[in-house]
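# return a 3D structure for these sequence lines:
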Amino acid sequence: MTSSTLLTPRQAAEKLGISYPAVKHWILAGRIRTVKTPGGHHRVPLEALDEFLPRPVAQPGVARISGRNQLLGTVVEVTIEGLLAKVVLTMGTQRVTAIITADSARDLGLKPGDEALALIKATEVMIGRP
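Numbers count the residues shown, from 1 in each chain. Here you go, the predicted structure:
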């Protein structure tokens, strides 16, 4: 493995679209594979990010539904206020925010770092340019 395939935790966080503290937590919990430098610093092999990046939804254990706009991502924020909850997912560098009922968020047990599926059903789609 060459040094060009190793990322700092901050670089890994940026590629995954999550916070640096979340990546550090994953490293310390052993959830993501790292290599230690001679100085004791963690480096993340680029291929170790693969399991956290978006992949096709057709997998065992995932319900198949008729909706075609399904995005698999990582929960980065859950804010419950009153009857509603704001849930933010990242898919690589993209973010999707949904407002759902607080009961649904609690029933799903959503918390940052969890994998979740965003199902998008819309009658209108707008396209823009960055």
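# quick check: longest helix in the protein by residues?
helix 20-29 (DSSP state H).
# name the residues that touch that one?
9-10, 12-13, 16, 31-32, 34, 42, 44, 76, 112-113 (CB atoms under 8 Å, 6 or more residues apart in numbering). From N, CA and C alone the C-beta is placed, and that goes for glycine too.
# and the helix or strand just after that helix, what's its mean pLDDT?
For helix 20-29, the succeeding helix or strand toward the C-terminus, using DSSP states H and E, is strand 35-36. On average, the pLDDT along strand 35-36 is 92.
# before we move on, what about stretch 122-130?
73.
# same check on stretch 51-69?
Regarding stretch 51-69, the rounded mean pLDDT is 63.
# start and end of it, how far apart?
One end of stretch 51-69 sits 21 Å from the other (CA to CA, to the nearest Å).
# so residue 44, which of the three states?
With DSSP: H, G, I helix; E, B strand; the rest coil as the basis, residue 44 sits in strand.
# give me the neighbour count for the residue nearest to residue 113 when sequence neighbours are not counted.
In space, and not counting its chain neighbours, residue 113 is closest to residue 22: 6.1 Å by CB to CB, 6 or more residues apart in numbering. A count of neighbours around residue 22, defined by other CB atoms under 10 Å, yields 18.
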